[in-house]
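Undergrad: Have a look at this prediction, sequence included:
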Amino acid sequence: MTVAKVEEISATSTVSFEDAIVKGLARAVKTLRNVRSAWVKEQQVRLDGKKIIEYQVNMAITFILDD
């Protein structure tokens, strides 16, 4: 039987949402083993006036627990 766990993480980038996702996943796999999927739950931006200065994603990371 396989059992999975879900952890939520938040990642930011000054470049794009995609970059924030890639950086967040890269960091998650350093700590979590057997990562199988990620669900981007929320996206938001931070502004300075009319200019976007930061992209943020909140993700749910699913990984398989060791036996």
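TA: Great, that's in hand.
Undergrad: Contacts only, for residue 29.
TA: residue 35 (C-beta atoms under 8 Å, 6 or more residues apart in numbering). C-beta: built from backbone N, CA, C; applies to glycine.
Undergrad: separation between it and residue 1?
TA: 24 Å (C-beta to C-beta, to the nearest Å).
Undergrad: Now for the closest residue to residue 37 other than its chain neighbours, how many residues are close by?
TA: With sequence-adjacent residues excluded and distances taken as C-beta to C-beta, 6 or more residues apart in numbering, residue 37 is closest to residue 62, at 4.6 Å. Per other C-beta atoms under 10 Å, the neighbour tally for residue 62 reads 16.
Undergrad: what does stretch 60-67 rub up against?
TA: Contacts for stretch 60-67 (C-beta under 8 Å, 6+ apart): 2-9, 25, 28, 32-39, 41.
Undergrad: From these, which land in strands?
TA: 4-9, 35-39, 41 (DSSP state E).
Undergrad: check which helix or strand covers the residue nearest to residue 37.
TA: Here residue 62, judged by DSSP states H and E, is contained in strand 51-64.
Undergrad: quick revisit: in ChimeraX, select just the buried ones from the contacts of stretch 60-67.
TA: To isolate the buried ones among those in ChimeraX, judged by 16 or more other C-beta atoms under 10 Å, type:
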select :9,25,28,32,38
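Undergrad: Run through the residues that contact residue 13.
TA: With C-beta under 8 Å, 6+ apart, residue 13 has these contacts: 19-20, 23, 54-55.
Undergrad: Only the buried residues of stretch 40-57, if you could.
TA: Quick answer for stretch 40-57 (16+ other C-beta under 10 Å): 55-57.
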